[in-house]
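**Student:** Provided below for reference: sequence and predicted model.
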Amino acid sequence: MQAKEIEVKGIKNGILVEVKDGDWQTQKDALLQHIDQNQGFFEGAQLVVNVGSRVLKSPDLASLRNALSDREIKLWAVLSTSLVTERTSQDLGLAIMVDQSSPGPEKDPINSLLDGDEAVFLRRTLRSGHKVKHPGHIVVLGDVNPGAELIAGGNIIVWGKLRGVVHAGAMGDTEAVVCSLDLSPTQLRIADKISISPPKKGKARPEIAQLENGQVTARDWSKFTR
Amino acid sequence: MSAKILTITSGKGGVGKTTATANIGAALAKRGQKVVCIDADIGLRNLDVVMGLENRIVYDLVDAVEGRCRLKQAMIRDKYIPNLYLIPSAQTRDKTAVSPSDMIRLCNELRADLDWILIDSPAGIERGFKNAIAPADEVIVITNPEVSAVRDADRIIGIVEAEEKGSPQLLLNRLDRDMVKQNNMLSAEDVVDLLAIQLLGIVPEDKAVLISTNKGTPIVLDEKSPAGQAYRNIARRILGEDVPLLDLDKGSGFFNRISSVFGSGDK
């Protein structure tokens, strides 16, 4: 049957399935059929689906997730090289990075991250439960609400209110900065330094936070010497 | 007729989902709409108690889904308002008894001869919530002016948006204007500013609500209660009428507010 089309691999905390190129609907049906034929193997599992470069929207992934949950399988993560698909997965609360090593000796998954000056641009409000992780910079046009998390290898810029948790220079870059129109994060981390916002007085002003003598320091943007 | 499906949800428990479902349902039915309220909280059945219909239950949602009865048989007619029905949830089962696709199928079957289907969602973001949200045309997120409730509402809004149900509407429940004035409670502005979605209505804190839910009589039938008035206005807004929010601000209208500004100095 079509079972050959589907590559299944056991990884550390679940099962990784590679979906081959071709029409999504057909491939999805083939996957579900494969699962139905091997029910005992999949039941109760956490599934990671690698969809390659496919661009998938919420209904596509939601229908897969629902079909899987009807079979008592948890869709844990969707891996993709498409940014759109990655964002969709994050919106649905799915992971987009998993440790793909076989169950067994541990490897460091984060090592190969910071690479050049790439940035992601998000034009939306990030709400509680949203988590954005990027090896380069993160730019948000919108608010970052409490309970949301931004983790960047480089800098973080929020053109809006920043009230969630942010971590700039997450791979150890002590030169990283965090800028926002209203800088009141739940927690602000730069490299390995962790800080919380002091109580604010008066109207919000754009600020920039960076490390000065090993201390996270926020300064008024208008007085900041560039 | 083709009913519109409204799901009422919150994330956090105890903020007033069930009370809101019962009262919006009652207020819509009072305006001549044919309404069914579905209790999607399988295993923790409440809506029947709040609507005062507990002793009339013969069949429930799970019976209907599993084909032990026809859908019509699971619909209980309200004792006060004609046109208002309840489909109760099962008390002896759990959330997994029903799947999101079951809910969609059931609601589609109901659509034809109703105006509104209201779904009372369970708290949380797991299976029960997903069941409640799956068939929704529109979603109402309810919250209290409390930091924890607002945080959960924010999470829920994110999930609803990701499911491409459109932007949900906000119902702010149990606002105590005196506490807001004393800076002891988040104001409506604070909440709306953070959640950034359309405000459907504000229900003021009102002790009469507790009495009415215990008695199983909807507060909307109480002409004097401010909360009842708020729910009646919310129903009118759902029906597309333009009812100003200020209407809810009974007792602290324009003149009151000026005097309170002057008065604050000598307290």
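**Tutor:** Structure received.
**Student:** chain center to the longest helix belonging to chain B, what's the gap?
**Tutor:** Scanning chain B for the helix with the most residues, using DSSP state H, yields helix B:147-162. Helix B:147-162 has its C-alpha centroid displaced from the chain centroid by 16 Å (CA atoms, centre = their mean, to the nearest Å).
**Student:** That helix close to chain A?
**Tutor:** Yes. In terms of CB under 8 Å from any CB of the partner chain, part of helix B:147-162 sits within range of chain A, namely B:151-152, B:154-155, B:157-159, B:161-162. Bear in mind the C-beta positions are built from the backbone N, C-alpha and C, glycine included.
**Student:** And the average pLDDT for stretch A:27-39 is what?
**Tutor:** Across stretch A:27-39, the average pLDDT comes to 84.
**Student:** Buried residues, it. List them.
**Tutor:** If you call a residue buried by 16 or more other CB atoms under 10 Å in any protein chain shown, then stretch A:27-39 has these buried ones: A:27-28, A:30-32, A:34-35.
**Student:** Stretch B:208-226 now?
**Tutor:** For stretch B:208-226, by 16+ other CB under 10 Å, it's B:209, B:212-213, B:216-222, B:225-226.
**Student:** Stretch B:144-162 too?
**Tutor:** B:144-146, B:149-162.
**Student:** ok, back up a step: need the buried residues of stretch A:27-39 in JSON lines (columns: secondary structure and distance to chain B).
**Tutor:** What follows is those, written out as JSON lines (DSSP: H, G, I helix; E, B strand; the rest coil; distance: CB to the nearest CB, whole Å):
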{"residue": "A:27", "secondary structure": "helix", "distance to chain B": "20"}
{"residue": "A:28", "secondary structure": "helix", "distance to chain B": "15"}
{"residue": "A:30", "secondary structure": "helix", "distance to chain B": "20"}
{"residue": "A:31", "secondary structure": "helix", "distance to chain B": "18"}
{"residue": "A:32", "secondary structure": "helix", "distance to chain B": "13"}
{"residue": "A:34", "secondary structure": "helix", "distance to chain B": "20"}
{"residue": "A:35", "secondary structure": "helix", "distance to chain B": "16"}
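**Student:** Give me the three-state assignment for residue B:173.
**Tutor:** Secondary structure for residue B:173, judged by DSSP: H, G, I helix; E, B strand; the rest coil, is strand.
**Student:** just checking, it touches residue B:143?
**Tutor:** Yes. If you go by CB atoms under 8 Å, residue B:173 and residue B:143 touch, sitting 7.0 Å apart.
**Student:** who has more neighbours, those two?
**Tutor:** Between residue B:173 and residue B:143, counting by other CB atoms under 10 Å in any protein chain shown, residue B:143 is the more crowded of the two (27 against 23).
**Student:** on that earlier part again, between the buried residues of stretch B:208-226, which sits nearest chain A?
**Tutor:** residue B:209 (27.3 Å; CB to the nearest CB).
**Student:** ok, the closest one touching residue B:220?
**Tutor:** No. Applying CB under 8 Å, one finds residue B:209 not in contact with residue B:220, separated by 10.6 Å.
**Student:** Got the domain ranges for chain A?
**Tutor:** A:2-91, A:119-221 (automatic domain parsing).
**Student:** Could you see whether chain A lies near stretch B:190-210?
**Tutor:** Yes. With CB under 8 Å from any CB as the measure, stretch B:190-210 is seen reaching chain A through B:194, B:196.
**Student:** residues of that stretch that come out buried?
**Tutor:** B:191, B:194-197, B:199-206, B:209.
**Student:** Output the lowest mean pLDDT helix or strand found in chain A.
**Tutor:** helix A:39-42 (a mean of 75; mean pLDDT, DSSP states H and E).
**Student:** Does residue A:190 have any beta-bridge partners, and if so which?
**Tutor:** Listed by DSSP bridges, the beta-bridge partners for residue A:190 are residue A:168, residue A:193.
**Student:** What's the local residue count around it?
**Tutor:** So residue A:190, with other CB under 10 Å, has 26 neighbours.
**Student:** Over to residue B:96?
**Tutor:** Residue B:96 has 14 nearby residues by other CB under 10 Å.
**Student:** Write out the residues of the stretch 151-267 of chain B neighbouring chain A.
**Tutor:** Counting by CB under 8 Å from any CB, the stretch 151-267 of chain B sits next to chain A at B:151-152, B:154-155, B:157-159, B:161-164, B:194, B:196.
**Student:** 6 Å - rerun?
**Tutor:** B:151, B:154-155, B:157-158, B:162, B:164, B:196 (CB under 6 Å from any CB of the partner chain).
**Student:** Dump these into TSV; add pLDDT as well.
**Tutor:** Listed next are these as TSV, based on pLDDT from 0 to 100:
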residue	pLDDT
B:151	95
B:154	96
B:155	95
B:157	96
B:158	94
B:162	90
B:164	86
B:196	92
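**Student:** of all these, which two lie farthest apart?
**Tutor:** B:151 and B:164 (23.0 Å; CB to CB).
**Student:** residues bridging contact with residue B:173 and residue B:143, i.e. touching both?
**Tutor:** Common neighbours of residue B:173 and residue B:143, using CB atoms under 6 Å, 6 or more residues apart in numbering or on different chains, are residue B:15.
**Student:** Now do the contacts for residue B:112.
**Tutor:** With contact set as CB under 6 Å, 6+ apart, residue B:112 has no partners.
**Student:** Count the neighbours of the nearest residue to residue B:154 once chain neighbours are set aside for me.
**Tutor:** Once flanking residues are discounted, residue B:154 sits nearest to residue A:128: 4.1 Å by CB to CB, 6 or more residues apart in numbering or on different chains. Per other CB under 10 Å, the neighbour tally for residue A:128 reads 24.
**Student:** For the chain, which residues score under the pLDDT cut-off?
**Tutor:** You didn't say which chain, so I picked chain A. A:1-5, A:101-117, A:225-226 (pLDDT under 70).
**Student:** not quite, I wanted chain B
**Tutor:** B:246-267.
**Student:** for it, what spans make up the helices?
**Tutor:** Using DSSP H, helices in chain B cover B:17-30, B:47-50, B:61-65, B:71-74, B:100-111, B:127-133, B:147-162, B:177-181, B:188-195, B:207-215, B:226-238, B:254-263.
**Student:** go on, chain A?
**Tutor:** A:24-37, A:39-42, A:58-70, A:83-91.
**Student:** How about the contacts made by the residue lying closest to residue A:174 once chain neighbours are set aside?
**Tutor:** Of all residues not flanking residue A:174 in the chain, residue A:191 sits nearest, at 4.5 Å (CB to CB, 6+ apart). Residue A:191 makes contacts with A:169, A:172, A:174, as judged by CB under 6 Å, 6+ apart.
**Student:** Out of these, who's the most crowded?
**Tutor:** residue A:169 leads the contacts of residue A:191 on contacts (other CB under 10 Å) with 24 neighbours.
**Student:** Alright, that wraps it up for me.
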